[in-house]
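In: model the following, please.
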Amino acid sequence: MPRTLSPVLALAVILCVACAVQSKDSSSSATFADSTATDSAVVAAARAVSADSLLQHIKDLSADSMEGRAPGTPGEEKAVAYLTRQFQALGLEPGNPDGTFIQKVDLIGYKAHPTASFTARGKTIALRYPDDYIANSRHKRAETKVPASDVVFVGYGVVAPEYGWDDYKGQDMHGKTMLMLVNDPAVPAPGAAPNDSALDSAMFKGRAMTYYGRWTYKYEIATAKGADAAIIIHETGPAGYPYEVVRSSNSAEQFDVPSPGAEKRVPVEGWIRLDKAKELLRAAGLDFDSLKAAAKRKDFKPAALDAKASFDVKIDSREIQSKNVVARFAGGDAKDEYVVYTAHWDHLGRDTSLKGDQIFNGALDNASGTAALLEIARAYTKLASRPKRSVLFLSVTAEEKGLVGAKYYAQHPLYPLANTAADINMDGVNQWGKTSDFTVIGLGNSTLDDVLTRVLRADGRTARSDPEPEKGFYYRSDHFEFAKQGVPALDPESGIDYVGKPNGYGMQKRDEYTNKDYHKPSDEVKPNWDLSGAVDDLRTLFRVGYVVAQTSAMPQWKPGTEFKAKRDSMLAKP
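Out: Residues are numbered from 1 along each chain as shown. Sure, this is the predicted structure:
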């Protein structure tokens, strides 16, 4: 028998053995998880998570003095200093192997000052920035001009071979302005009546958004197609948030990680309000509703408008060195393997053009998740004995700019991703009381969900799938950058079944936050907050992480999950 196997055969053997071992040991692993999560010492350590301490951290991080915690501002320095002091006070080790609590993150900042207009059949549609549209150019140059570009409506702008879907049908998009719909193609269920909103579950996961529906994909495909501009038509339902969120998020300075090939990115990327898009289409002799209906079919073909788009985007760019804050709780026998908890410390900063309150305090988003990170870290310091694996507490920068800090860590990990067992992310906590359930975005993606389900069951609670899958939350927070690199990632959110509250209360509160506070200066600590449910959730996440840190086997992606192949390949390497 040969001393070595071919790479392909070796991978097959490894995966087959892994499957056999997993099947044989699944029952014993579950029993181990149950007993570990309910161990009296672990439960006692979890009690260190405190509503009073959690609230104080949220207040501190979302105070006006933090100036909205925007990267590259004095607010960043204050937030980073606060987190560093808190980790030091807990007795945690510096998380960077260089002996510091800081991972320096090289970023390029872009502040756009655009002008734009459409002309259709001799009529000019004037656009006011940022009230009617958003336009950015992530190019390191002083100005980007797109004069008199042909406008083409490309439906949802999707190319998805696995669904037999191509919105372009071979048409050349070079030099064009692509006007596109947000979210996935909303393919009606077979036999659905004209007014029936049911979607085909076999196409783009039905109601659940896939990555094809995210605005990041829209700009990526526009780049691949050689377009001069990609403009997304905003609709509140399909986007998952009102236009004001687009306005506040994108009119501020944007950041990205310097990367080769950035000069090839689509020159102009933006959004347009629905009413302005309809005005443009009417002027071009077309109807929005008819075009949208056509875009839901596989036989859709791009519709060229008798219209031109012009953009002049002046850019103030700068290079900055932002910071991820990282602390380490050393493990025992497998201390070179890691369970990572993440939460982003940044928010939107200050908008001096606003009248009245100009500070985006970001109390829920994400002072609360960052405070949760500190509380879970405190619980680990109360353990009677250390877990086998080490635990990393990572508070990242520039999430609001496109998961940029997490992207930087995933591309420049301080510890090998092959040795990273899991990422557990916290982006907002429950502020409305106790729930009998706990939401898991992407429930069923990985064995981490199984661990969470068993821990909840021990407490008489249940795991719930995303009640708003059409909003694509799995692609909207820092765990996604870990998942893209193959690391199993858990994305928990507040439950919706509130103890002692009527049916529908949870969804009502979610909608209220989205419509009134999300990415607005009003996202502040409210006097009626009840963090008792958040405490339950954080104690659960502490125990889930502890189980993963104690269990010999690495968490795995479930079969059929888009991240599984990368993880399997990563773990198969010697």
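
In: use CA for all of it now, contacts and neighbours both
Out: OK.

In: can you list the residues that contact stretch 135-152?
Out: 110-112, 114, 175-179, 228-229, 250, 262-263, 265-271, 302-317 (CA atoms under 8 Å, 6 or more residues apart in numbering).

In: with stretch 370-380 instead?
Out: Counting by CA under 8 Å, 6+ apart, 45-50, 53-55, 57-58, 61, 86-87, 90, 329, 341-345, 393, 395, 426-427, 429, 538-539, 541-542 sit against stretch 370-380.

In: any chance of a ChimeraX selection covering the buried ones in the residues you listed?
Out: Selection command for ChimeraX covering only the buried members of the contacts of stretch 370-380, criterion 16 or more other CA atoms under 10 Å:
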select :45,46,47,48,49,50,54,55,57,58,61,86,87,90,329,341,342,343,344,345,393,395,426,427,429,538,539,541,542
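
In: Ala202 should be in a helix, yeah?
Out: No - Ala202 is assigned coil when assessed by DSSP: H, G, I helix; E, B strand; the rest coil, not a helix.

In: how close does it sit to Gly164?
Out: Per CA to CA, to the nearest Å, Ala202 is found 12 Å from Gly164.

In: ok, Arg138 next?
Out: Separation of Arg138 from Gly164 (CA to CA): 32 Å.

In: compare these two (neighbour count), which wins?
Out: Neighbour count, other CA atoms under 10 Å: between Arg138 and Gly164, Arg138 has more, with 23 against 9.

In: which phi and psi does the closest residue in space to Thr36 that isn't next to it in sequence have?
Out: The spatial neighbour of Thr36 that comes closest, neighbours along the chain excluded (CA to CA, 6 or more residues apart in numbering), is Val547 at 6.1 Å. Phi and psi for Val547, reported as degrees, to the nearest 10, are phi -60, psi -50.

In: my read: Val547 touches Thr38, true?
Out: No - at 9.9 Å, Val547 does not count as touching Thr38 under the criterion of CA atoms under 8 Å.

In: between these two, who's got more neighbours?
Out: Val547 (26 against 16).

In: model confidence for that one, exactly?
Out: For Val547, the pLDDT comes out at 97.

In: and what of Thr4?
Out: We have a pLDDT of 34 for Thr4.

In: again with Pro258
Out: As predicted, Pro258 sits at a pLDDT of 85.

In: and it, that's in a strand?
Out: No - Pro258 is assigned coil when assessed by three-state DSSP, not a strand.

In: quick check: phi and psi at it.
Out: The phi/psi pair for Pro258 (degrees, to the nearest 10) is phi -60, psi 130.

In: quick one, what contacts it?
Out: Asp106, Leu107, Ile108.

In: next, the buried residues of stretch 236-255.
Out: In stretch 236-255, the ones that count as buried by 16+ other CA under 10 Å are 236, 238-255.

In: same deal with stretch 366-384?
Out: 366-383.

In: and stretch 516-528, what's buried?
Out: Within stretch 516-528, the residues scored as buried using 16+ other CA under 10 Å are Asp517, Tyr518, His519, Lys520, Pro521, Ser522, Asp523, Glu524, Val525.

In: closest one of those residues to Phe473?
Out: Nearest to Phe473 among these, counting by CA to CA, is Tyr518 at 14.0 Å.

In: what sits against that closest one?
Out: Residues in contact with Tyr518 (CA under 8 Å, 6+ apart) are Val245, Asp365.

In: before we move on, the earlier item: so which of the contacts of stretch 370-380 sit within helices?
Out: Residues of those located in helices (DSSP state H): 45-46, 53-55, 57-58, 61, 86-87, 538-539, 541-542.

In: dump these to a markdown table, plus pLDDT.
Out: A markdown table is the format used below for these (pLDDT from 0 to 100):
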| residue | pLDDT |
| --- | --- |
| Ala45 | 97 |
| Ala46 | 97 |
| Ser53 | 98 |
| Leu54 | 98 |
| Leu55 | 98 |
| His57 | 98 |
| Ile58 | 98 |
| Leu61 | 98 |
| Gln86 | 98 |
| Phe87 | 98 |
| Leu538 | 98 |
| Arg539 | 98 |
| Leu541 | 98 |
| Phe542 | 98 |
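
In: and the residues you listed, which two are the farthest apart?
Out: Ala45 and Leu61 (24.6 Å).

In: tell me where the stretch 301-450 of the chain has strands.
Out: 303-329, 334-344, 349-350, 359-360, 389-396, 420-425, 437-441 (DSSP state E, counting those that start in this stretch).

In: now the fifth one: average pLDDT?
Out: When the per-residue pLDDT values of strand 389-396 are averaged, the result is 98.

In: would you mind measuring from the nearest residue to Ala489 once chain neighbours are set aside to Leu414?
Out: Of all residues not flanking Ala489 in the chain, Asp423 sits nearest, at 4.6 Å (CA to CA, 6+ apart). Going from Asp423 to Leu414 by CA to CA gives 14 Å.

In: quote the end-to-end distance of stretch 193-204.
Out: Using CA to CA, the two ends of stretch 193-204 sit 20 Å apart.

In: ok, and what's touching it?
Out: Stretch 193-204 is contacted by residues Tyr163, Asp184, Pro185, Ala186, Val187, Pro188, Ala189, Pro190, Ala192, Gly206, Arg207, Thr210 when judged by CA under 8 Å, 6+ apart.

In: ranking helices and strands of this structure by mean pLDDT, which lands last?
Out: Lowest on mean pLDDT, DSSP states H and E among the helices and strands of the chain sits helix 7-37, with a mean of 46.

In: which residues are in contact with stretch 530-547?
Out: Stretch 530-547 has contacts (CA under 8 Å, 6+ apart) with 33, 36-37, 42-43, 46-47, 49-51, 55, 339, 372, 375-376, 379-380, 387, 424, 429-435, 438, 451-452, 455-456, 494.

In: dump it to PDB, restricted to CA.
Out: Extracted C-alpha coordinates of stretch 530-547, given in PDB (Å, rounded to 0.1, in the frame of the first residue of the first chain):
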ATOM      1  CA  ASP A 530     -36.500  45.500  29.900                       C
ATOM      2  CA  LEU A 531     -33.200  43.600  29.500                       C
ATOM      3  CA  SER A 532     -34.300  40.500  31.400                       C
ATOM      4  CA  GLY A 533     -34.800  38.600  28.100                       C
ATOM      5  CA  ALA A 534     -31.400  39.800  26.800                       C
ATOM      6  CA  VAL A 535     -29.800  38.300  30.000                       C
ATOM      7  CA  ASP A 536     -31.500  35.000  29.300                       C
ATOM      8  CA  ASP A 537     -30.200  35.100  25.700                       C
ATOM      9  CA  LEU A 538     -26.600  36.000  26.600                       C
ATOM     10  CA  ARG A 539     -26.400  33.300  29.300                       C
ATOM     11  CA  THR A 540     -27.500  30.900  26.600                       C
ATOM     12  CA  LEU A 541     -24.900  32.100  24.200                       C
ATOM     13  CA  PHE A 542     -22.200  31.800  26.900                       C
ATOM     14  CA  ARG A 543     -23.200  28.200  27.500                       C
ATOM     15  CA  VAL A 544     -23.300  27.400  23.800                       C
ATOM     16  CA  GLY A 545     -19.800  28.800  23.300                       C
ATOM     17  CA  TYR A 546     -18.600  26.800  26.400                       C
ATOM     18  CA  VAL A 547     -20.000  23.600  25.000                       C
END
